[in-house]
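Asks: Compute the structure for the input listed below.
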Amino acid sequence: MTTHKLVMQATGLVKRYGQVTALDGADFELRAGEILAVIGDNGAGKSTLIKCVSGAIEPTSGDILFQGEPLPPGDPAGTLKRGIATIYQELDLVPDLSVAESVFLAHEPRRWPLLDLDKMYRESATLLARLGHESIPVRAKVGQLRPAAQQIVSIARALSGNVRLLIMDEPSAILDEGEVKTLFEVVRRLTAEGVGV
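Replies: Residues are numbered from 1 along each chain as shown. Coordinates of the predicted model:
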């Protein structure tokens, strides 16, 4: 049996908002190629945990190590640069942008001073093929795609960097049964590549 490398470790995570404790001493470990599901009632702290790990908020106390190094607290851009991407239930895609423009939004390849659209189309197509969705047209407007295809575009966007951990907040909430099956296939592909989910 192969032992996968520890990707992330969180110990004693606490998040308080004044007198309200939203997260109270959460601990977990995640290894490369592993899937970890966080399950609990509404108000149990699942979204708060995701926001702490993704850098969207700073925990009140506790430690988060990613590949053995502390994560910069409350720094989502720094967290993303380290290889952690988060896809929230409310997708952060711009409906009027093309699929390729969405995949590379905020880190567009350039042929100075212009955008390198050919490279964006080519690399977006490669990422979608990696996810088993080469049929999604890279020049189509994101707003014209079904919710499941939009979610695949969000995952491709996350993978356009060197992602080692992909966090998804209720990824199946807006999907029908067939689309959930497609999402699970994508997750299996990613874990087979050693990405933690």
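Asks: Start from the N-terminal end of the protein and give the strands.
Replies: Taking DSSP state E, the strands of the chain run over residues 6-17, 20-31, 61-66, 69-70, 84-87, 110-111, 114-115, 165-168.
Asks: List the buried residues in stretch 13-29.
Replies: For stretch 13-29, a neighbour-count test (16 or more other CB atoms under 10 Å) marks 13-15, 22-23, 26 as buried. C-betas here are computed from N, CA, C, even on glycine.
Asks: ok, now which ones touch the spatially most central residue of the chain?
Replies: Geometric centre of the chain, nearest residue: Thr86, 2.9 Å, by CA atoms, centre = their mean. Thr86 sits next to 50, 53-54, 56, 76, 158, 166-169 when contact means CB atoms under 8 Å, 6 or more residues apart in numbering.
Asks: Let me see the contact set for Val187.
Replies: By CB under 8 Å, 6+ apart, the contact list for Val187 reads 35, 197.
Asks: Tell me how far it lies from Leu36.
Replies: Per CB to CB, to the nearest Å, Val187 is found 11 Å from Leu36.
Asks: so what sits against both of the two?
Replies: Val197.
Asks: quick one: average pLDDT of stretch 124-134?
Replies: The pLDDT scores in stretch 124-134 average 92.
Asks: Restricting to C-alpha, output that stretch in CSV.
Replies: C-alpha atoms of stretch 124-134 as CSV (Å, rounded to 0.1, in the frame of the first residue of the first chain):
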residue,chain,number,x,y,z
SER,A,124,-7.9,26.0,-21.7
ALA,A,125,-8.7,23.2,-24.1
THR,A,126,-5.8,21.2,-22.6
LEU,A,127,-7.2,21.7,-19.0
LEU,A,128,-10.8,20.8,-20.1
ALA,A,129,-9.4,17.7,-21.8
ARG,A,130,-7.6,16.8,-18.6
LEU,A,131,-10.9,17.0,-16.8
GLY,A,132,-12.6,14.9,-19.5
HIS,A,133,-14.6,17.8,-20.9
GLU,A,134,-13.0,18.7,-24.1
